[in-house]
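Novice: Predicted coordinates and the sequence they were generated for:
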Amino acid sequence: MPEICSARRPAYDRHDATSRKPPPLSLAERLKVETRPLHVDVERSTLIAALLRGRLDRHAYLALLRNLQAIYAGLEPALQHHATHPAVALFDLDALARVPALAADIAALDPGVAEDAGRPLEPATIDYVDRLAHLDRHAPELLVAHAYVRYLGDLNGGQLLRRIVRDALQLPAGPGTAFYDFDAVPGVARLAARFRDALDRSALSDADAVVAEAKSAFQRHRQLFDELARRLGVVAQSAAAHTGEPPMRRTADS
């Protein structure tokens, strides 16, 4: 019987387009995706919900700033200490620095509520600062996770907070909201993009550990904000205020 000729079917690799895995996420993308639930949880905390709705008074806002100042005072010298480390070297630390701005805001806001100046920091803040000191000594690569959590929030959602705080506390432009100003650099969006690019190009030995540390940083912030809310008597809004999308979402980073 003569052989029946037929068109040869094309050969496909068994790992064709329908089964190929997507390319791995960059570190910036991983941090955005994997910390998102924790980020949302922080924004829905009683203290931050009140802040976003312009319902923190000057006394409460100052208490928040003092605790943040302590965190930055632990983070920024540690980053500068390791400025030549392969994990840190690509970040523009001088442009990101917030300690001077926080000091200026506290000085501008303090005269009316000086009685809070002598209060100790919240336990969560003390633990946070201790953690940063530990990383400074033993694991400087993980400081990048805390830089991510703090600085990209300042560069994105913080820009909304500047207007909210200014309106709520009836402040003039500048004094009291310098924390959110990055006027010395060529554009907030550009600085945020440079930060994400530095994340992706930094020489990290363990990206998984950096992601895990970022998750821990969000949890530490939630603990701090809950402690502040309890001490300051900040009252939670109704359940309806905590449903749906949070009022402040980072548009490009987490």
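Specialist: Happy to help now that I have it.
Novice: Contacts only, for the nearest residue to residue 235 once chain neighbours are set aside.
Specialist: Excluding its sequence neighbours, the residue lying closest to residue 235 (CB to CB, 6 or more residues apart in numbering) is residue 46, at 7.3 Å. The C-beta positions use only the backbone N, C-alpha and C, and glycine is treated the same way. Residues in contact with residue 46, defined by CB atoms under 8 Å, 6 or more residues apart in numbering, are 225, 226, 229, 234, 235, 236, 237.
Novice: likewise residue 125?
Specialist: 67, 70, 71, 224.
Novice: Could you check which helix or strand contains the nearest residue to the first one once chain neighbours are set aside?
Specialist: Read that as residue 67. With CB to CB, 6+ apart as the criterion, residue 67 has its nearest non-adjacent residue at 4.5 Å, and that residue is residue 125. Here residue 125 sits within helix 123-138, counting by DSSP states H and E.
Novice: Could you list the buried residues of that helix?
Specialist: 124, 125, 128, 129, 131, 132, 135, 136 (16 or more other CB atoms under 10 Å).
Novice: right, and the fourth one touches residue 72 too?
Specialist: So the one you mean is residue 129. No. Using CB atoms under 8 Å, residue 129 is not in contact with residue 72, being 9.9 Å away.
Novice: Find the residues that touch each one of these two.
Specialist: Common neighbours of residue 129 and residue 72, using CB under 8 Å, 6+ apart, do not exist here.
Novice: show me where pLDDT drops low in the stretch 51-200 of the chain?
Specialist: Within the stretch 51-200 of the chain, the stretches with pLDDT under 70 are 112-119, 183-186.
Novice: can you do 90?
Specialist: Residues of the stretch 51-200 of the chain that meet the criterion pLDDT under 90 lie in 110-120, 156-160, 172-175, 182-189.
Novice: And residue 206, its phi and psi?
Specialist: Main-chain torsions, residue 206, degrees, to the nearest 10: phi -150, psi 90.
Novice: quick one on the thing from earlier: with respect to residue 215, which of the contacts of residue 46 is nearest?
Specialist: residue 225 (16.1 Å; CB to CB).
Novice: State the number of residues packed around the closest one.
Specialist: Residue 225 has 24 neighbours, counted by other CB atoms under 10 Å.
Novice: give me the element it is part of.
Specialist: Assigned by DSSP H and E, residue 225 belongs to helix 207-232.
Novice: Pull out the buried residues from that helix.
Specialist: For helix 207-232, burial by neighbour count (16+ other CB under 10 Å) applies to 207, 210-211, 213-218, 220-229, 232.
Novice: Would you pull up how far that helix lies from the middle of the chain?
Specialist: In terms of CA atoms, centre = their mean, to the nearest Å, the centre of helix 207-232 is set 10 Å apart from its chain centre.
Novice: Please apply the same query to stretch 188-197.
Specialist: 13 Å.
Novice: Buried by neighbour count: which residues of it qualify?
Specialist: Across stretch 188-197, burial judged by 16+ other CB under 10 Å covers 188, 191, 192, 194, 195, 196.
Novice: which residues are contacting that stretch?
Specialist: Outside stretch 188-197, the residues that touch it by CB under 8 Å, 6+ apart are 28, 90-92, 95-96, 147-148, 151-152, 155-156, 159, 182, 185, 252-253.
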